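Visitor: Can you look at this prediction? I've put the sequence above it.
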Amino acid sequence: MKQFRIHIPLTAALILIAVGMAVVITRSSRGQSPSAPKTEQLVKPTVLMPNPTSAKPVGPFADAATQNAMLRNELIWTFGNKQQRGWYLYDALIGQTLNVGFDASSPDFASTIAGWQKQKALSANGVLDENSWMALVGQWQNNRLKDKTPATPDQLMTVSASEWFDPERLEENRQVEKQTYAAYRQMVAAAIADPSLKLAHTSPNDLAPTEKFFKIISGYRSAEYQEKLRRQSPNAGSAGLATHSPHFTGRALDLYVGGDPVDTKDANRAIQVNTPAYKWLVRNAERFGFRPYFYEPWHWEYVK
């Protein structure tokens, strides 16, 4: 019994010593922890997501920009006795004519339209609505060939078959007015020299037989030949085959710019107006004396 009483205090003392040593060891290990890598809590940065409504145009022409974005595809207008929808097919011509980077939904575009409207004594609201649009069409039409006197035989020359989109075209249908042809040759040389077009060529002035872009589709047409074409395409309308065509002068050239060569369907023209060849002509053809017929991307008239 005496031994049991002695062991109880001894055991308790040993327990206290063990607990004390554990505390010391724990504190010591905590003191050494700076040498070990710390695990940091990663906090993701706050990202402010733009509110979709904040992308809407702002400023004095904000409403005009919104309307233009809609009218570009939806404006109903009539040309050549045919109903047309939107003016999206004429982006390149609008941009070149008004010297504006084309974004119909931007206030800057609307502001440029307003400046042009003011020059034309139109309501300067910045909206390319039907009234303003038809005024712009009228401006393009007014820039075309005025004198449509038919060419005389001495004013015409026969162009080599290799320069035509269809090299098998009959010789009598391969004629072009002489000055027009000279200007065309200069323009083709400039196009060949532009590396962005990557035109296949056999010399600095000559397109390769395999190259189709910029080749002549049609030049001089006699009144008889034009009437023949009208009979073959009775639904072409005045916008497609004029009864008094500038082709009678030999100074109008249809050039290949892509797609179906001379198809006025919107789907085809949408292809043509987006080719590098067409866009190049819009930017450069006037330097050589050629003006466009806005409705037909392939049709260019020598006006000098």
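Guide: Yes, it's here.
Visitor: Let's see the pLDDT reported for the nearest residue to residue 173 once chain neighbours are set aside.
Guide: Spatial nearest neighbour of residue 173, chain neighbours left out: residue 225 (7.0 Å); criterion: C-beta to C-beta, 6 or more residues apart in numbering. Just so you know, the C-beta spots here come from the backbone N, C-alpha and C atoms, and that holds for glycine as well. Note for residue 225: predicted pLDDT of 79.
Visitor: again, but for residue 101
Guide: 84.
Visitor: my guess is it meets residue 95, correct?
Guide: Yes. Counting by C-beta atoms under 8 Å, residue 95 is a contact partner of residue 101 at 6.8 Å.
Visitor: and the strand or helix carrying the residue nearest to residue 173, how far from the chain's centre?
Guide: Counting by DSSP states H and E, the element that carries residue 225 is helix 223-232. Using C-alpha atoms, centre = their mean, to the nearest Å, the mean C-alpha position of helix 223-232 is found 34 Å from that of the whole chain.
Visitor: Convert that helix to PDB, retaining C-alpha atoms only.
Guide: Output of helix 223-232 as PDB, limited to C-alpha atoms (Å, rounded to 0.1, in the frame of the first residue of the first chain):
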ATOM      1  CA  ALA A 223     -27.100  48.900-131.100                       C
ATOM      2  CA  GLU A 224     -27.900  45.700-132.900                       C
ATOM      3  CA  TYR A 225     -25.800  43.500-130.700                       C
ATOM      4  CA  GLN A 226     -27.300  45.200-127.600                       C
ATOM      5  CA  GLU A 227     -30.800  44.500-128.800                       C
ATOM      6  CA  LYS A 228     -29.800  40.900-129.300                       C
ATOM      7  CA  LEU A 229     -28.600  40.700-125.700                       C
ATOM      8  CA  ARG A 230     -31.900  42.200-124.600                       C
ATOM      9  CA  ARG A 231     -33.900  39.600-126.400                       C
ATOM     10  CA  GLN A 232     -31.700  36.900-124.800                       C
END
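Visitor: neighbours of the residue nearest to residue 173, just the number please.
Guide: By the criterion of other C-beta atoms under 10 Å, residue 225 has 16 neighbours.
Visitor: same question, the one 3 residues further on
Guide: Burial measure for residue 228: 12 neighbouring residues, criterion other C-beta under 10 Å.
Visitor: How about residue 82?
Guide: Residue 82: 14 neighbours (other C-beta under 10 Å).
Visitor: Beta-bridge partners for it, please?
Guide: residue 79 (DSSP bridges).
Visitor: what separates it from residue 268, distance-wise?
Guide: Remark: distance between residue 82 and residue 268 (C-beta to C-beta, to the nearest Å) = 15 Å.
Visitor: and what of residue 69?
Guide: Remark: distance between residue 69 and residue 268 (C-beta to C-beta) = 24 Å.
Visitor: again with residue 196
Guide: Counting by C-beta to C-beta, the separation of residue 196 from residue 268 is 24 Å.
Visitor: Please say which of those two ends up with more neighbours.
Guide: residue 268 (16 against 9).
Visitor: Validate this expectation: the more buried one resides in a helix.
Guide: Yes. Under DSSP: H, G, I helix; E, B strand; the rest coil, residue 268 falls within a helix.
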